[in-house]
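S.K.: Fold the stuff below for me.
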Amino acid sequence: MATTSFSDASPGQQRNAAAPAAPAHRVPTGGGAHRGAASADAWTAHVSPGDPVVTAAEPEFARQFGLSADEIRGRRLLDLLRSPVPARLREQFTFLSSGRCRRFTETVTYRDGTGRDFPAELTGVAVRKPSGDVFGVVILLRRAGAAHRAAEMRRAGDRRPPQKGTLAEAAGRPVLSALDAQVLEGVARGESTAQLASRLYLSRQGIEYRVGQMLRRFEAPNRPALVARAHALGMFAPGQWPPRVLPERVK
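M.R.: Predicted coordinates:
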C-alpha cells in the first residue's frame, strides 16, 4: 500500500477517474427529526475493508475535505489523511479488516478544500456479517478540539462519586435501560424504525424518541455513529451476532 500523503492540490480540485461504483449501502440518517442533535465537530462515513475506499459519507464529512458526498465516494481514505505514523494507520485497517481487532482510534491530520490542515481523531469500527466476516468499516472523524472536550467529559465522569445502581454506573460507564438496550441492539442489526416499533410493540414516534435520546447522549450525528460509539465504549458483547448489550450495561 502506498504511503499516505497529501498532494499539492486540495482534494476538491481532484477527481478520481478510477473510483469504483458506489455500493447500494448508504449511511442512514436516523430520522430527520434528530439531525439537529448531531455534534458539529464529528462526522461519519463508511469505507470498504482492507485498502479503505469511501463507499458512503455524510455531506458534512465530505465537506471537511472540500468535496461533496458524491465526489468523495470512491476515494481512498488514506489519500485524504496524514498520520504521524502512516504504517501504523495502514496496519490498523489491516487488523480491523482481518478481524484481529474490532475498533481503533488514531490521531490524524486532514486538509480541507482551502488547503488548511486540521488535527483530528479517527475511530474505525468493523461492521460484520452474521458469519462474523467484516464487510465494511464505520469511520468517525472528530476534530481535535472536540476529541479533547470528550476526553475531559470522560475524565470528569470518572471523578464523579459512585452512584447507586450497577458497577458500570459506579465506574462512570454508560448504562442503558432494558428497553433502550433493545433499541440499540436493533439499530446495530440494521433494523428500521418500523421494524423496531413492530418487534418492541412501540409506536414509531416512541422509537424515534429513544433513538434521538441516545444520539444526544452519545453525541452521535446518526445511527451508524451511535453504533460505532457504543462499540468504542465496550457496550456490546464481543464476537456475538446478533449484537447484545452487555448485562452490566443494562439497569
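
S.K.: And the strands in the stretch 51-200 of the chain?
M.R.: 54-57, 81-82, 103-111, 117-128, 134-143 (DSSP state E, counting those that start in this stretch).

S.K.: Just say which of those is most tucked in.
M.R.: Neighbour counts (mean count of other CB atoms under 10 Å) averaged over each of the strands of the stretch 51-200 of the chain peak at strand 54-57, with a mean of 24. For glycine as for every other residue, the C-beta is placed from the backbone atoms N, C-alpha and C.

S.K.: Would you map out the domains in the chain?
M.R.: 11-152, 165-249 (automatic domain parsing).

S.K.: among those domains, which gets the worst mean confidence?
M.R.: In terms of mean pLDDT, the lowest-scoring of the domains of the chain is domain 11-152 (a mean of 74).

S.K.: For Glu185, find the nearest of the strands of the stretch 51-200 of the chain.
M.R.: Minimum separation from Glu185 across the strands of the stretch 51-200 of the chain (CB to CB) falls at strand 117-128, 14.2 Å.

S.K.: do you know how far Ser48 is from Phe118?
M.R.: To Phe118, Ser48 is 24 Å away according to CB to CB, to the nearest Å.

S.K.: try Gly212
M.R.: To Phe118, Gly212 is 29 Å away according to CB to CB.

S.K.: now Leu202
M.R.: Relative to Phe118, Leu202 is positioned 41 Å away (CB to CB).

S.K.: Over to Val85?
M.R.: Val85 is 18 Å from Phe118, where distance means CB to CB.

S.K.: for Leu96, same thing?
M.R.: Look at Leu96 and Phe118: by CB to CB, they are 23 Å apart.

S.K.: Please apply the same query to Met235.
M.R.: 29 Å.

S.K.: ok, now Arg63?
M.R.: Counting by CB to CB - Arg63 and Phe118 are separated by 12 Å.

S.K.: any idea where the helices of the stretch 51-200 of the chain begin and end?
M.R.: Using DSSP state H, counting those that start in this stretch, the helices found in the stretch 51-200 of the chain span residues 59-63, 69-72, 77-80, 86-98, 144-159, 167-170, 178-189, 193-200.

S.K.: Only alpha carbons, please: show the second one as PDB.
M.R.: In this case it means helix 69-72. What follows is helix 69-72, C-alpha atoms only, in PDB (Å, rounded to 0.1, in the frame of the first residue of the first chain):
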ATOM      1  CA  ALA A  69     -20.800  13.300  -0.800                       C
ATOM      2  CA  ASP A  70     -20.800  12.200  -4.400                       C
ATOM      3  CA  GLU A  71     -17.300  13.400  -5.000                       C
ATOM      4  CA  ILE A  72     -15.700  11.700  -2.000                       C
END
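
S.K.: Could you measure from Val47 over to Gly74?
M.R.: For Val47, the distance to Gly74 - CB to CB - is 11 Å.
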